[in-house]
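Asks: this is the structure alone, sequence omitted:
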């Protein structure tokens, strides 16, 4: 699997997404709110309605946890 990026606020959903990617032995980088970016930067990048986590795989922004699960299912990864 292509390396992934998770934008996290430390919520359970973010931790679940990280655990799911780990279960695939996928390489991923986790960027954390308050450490790597501010909420303002997050909203500017993903929009005011965006939820955590936001996931990118390779150069492609996938979206929220629901979007990512759908992407993984469509691509027969889960």
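Replies: Great, that's in hand. Owing to the predicted nature of the structure, the values given are computational and were not obtained by experimental measurement. Numbering: from 1, shown residues only.

Asks: how about residues contacting the longest helix seen in the chain?
Replies: Secondary structure of the chain read by DSSP state H shows that its longest helix is helix 12-23. The list of residues contacting helix 12-23 from outside it, by CB atoms under 8 Å, 6 or more residues apart in numbering, reads 4, 6, 8, 28, 30, 52, 53, 55, 65, 68, 72, 78. C-betas here are computed from N, CA, C, even on glycine.

Asks: what is the burial count for residue 49?
Replies: The tally of other residues near residue 49 (other CB atoms under 10 Å) stands at 7.

Asks: pull out the buried positions in the longest helix of the chain.
Replies: Going by neighbour count (16 or more other CB atoms under 10 Å), the buried part of helix 12-23 is 13, 14, 17, 18, 20, 21.

Asks: the last one and residue 59, how far apart?
Replies: According to CB to CB, to the nearest Å, residue 21 stands 17 Å off from residue 59.

Asks: swap in the first one?
Replies: With distances defined as CB to CB, the gap from residue 13 to residue 59 amounts to 23 Å.
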